[in-house]
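# Provided below are the primary sequence and the corresponding predicted coordinates.
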Amino acid sequence: LTLNNAYQKDLRIILEVLEKIRAGELGEAIPTEKIRSNELKELARKANQILDILRKKTTAEHLAAGIEMFRRKQLQAEIKEFSGAIEMITRGDLTGEVKVKEESELENLARSFNATIRILEKAETESDRTRLILYSLTEDIQKEKEAVEIKVKTRTRQLSEQRGKIFSLIESVKLGVVMR
């Protein structure tokens, strides 16, 4: 009867820890030093080895899930940064740039995007310079046009005056010829 009692106590110790493991508590191992029966002690050792494997697997799964969550958040942040830069461009602000993180899935896209922004910024700067040059040339042409108009009016007046003198001279000559 005492052997049977000891055996039952050993089984209770093992089952108590196995219940905790079944509930998801992997922190406690079966205390093999409390088990008296050699057969049940061996069973407890094997159960503890399985528990170690479960702990490692669970730790690896938690680590993988943590890494995945981190990558997802990082990707969301990078996409948000792209959205912000695109929004700036649509408002005409070409000063935005997407920060490139090392070994990012979006690294090449960000580099291309930033290069495109620089090209657009350069084109806009050149366009502004061209606009200024055209404005300056337009002003110069307007001034020249006004100067030419003044010269044309002055010359037209001079020619009208000379024409009047020539007509007067011709009339005088006609009168002089007739009077002789």
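Nice, I can see it. Residues are numbered from 1 along each chain as shown.
# state the distance from the residue nearest to the spatial centre of the chain to L94.
With distances taken as Cα atoms, centre = their mean, F82 lies nearest the centre of the chain, 2.2 Å away. As judged by Cβ to Cβ, to the nearest Å, F82 and L94 stand 15 Å apart. Placement of C-beta: from N, CA and C, glycine included.
# ok so, going back, I'd like the average pLDDT over the helix or strand hosting the residue nearest to the centre of the chain.
Assigned by DSSP states H and E, F82 falls within helix 38-90. On average, the pLDDT along helix 38-90 is 85.
# which helices and strands sit right next to that helix?
Under the contact definition 3 or more Cβ pairs under 8 Å, 6 or more residues apart in numbering; DSSP states H and E, helix 38-90 sits against helix 2-22, helix 107-179.
# turn those into CSV, including mean pLDDT.
Formatted as CSV, the helices and strands packed on helix 38-90 follow (pLDDT from 0 to 100):
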stretch, mean pLDDT
helix 2-22, 87
helix 107-179, 83
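# coming back round to it: what sits against the residue nearest to the centre of the chain?
Applying Cβ atoms under 8 Å, 6 or more residues apart in numbering to F82 gives the contacts V98, L106, L109, A110, F113.
# pLDDT score for the first one?
Think V98. V98 is assigned 72 on the pLDDT scale.
# check the gap between E121 and S172 for me.
75 Å.
# those two: which is more packed in?
Each of E121 and S172 had its neighbours counted (other Cβ atoms under 10 Å), and the higher figure belongs to E121 (15 against 10).
# how about the contacts made by the more buried one?
Neighbouring residues of E121 by Cβ under 8 Å, 6+ apart: L94, T95.
# roughly how far does it sit from A6?
For E121, the distance to A6 - Cβ to Cβ - is 84 Å.
# before I go, just wanted to say thanks for your time.
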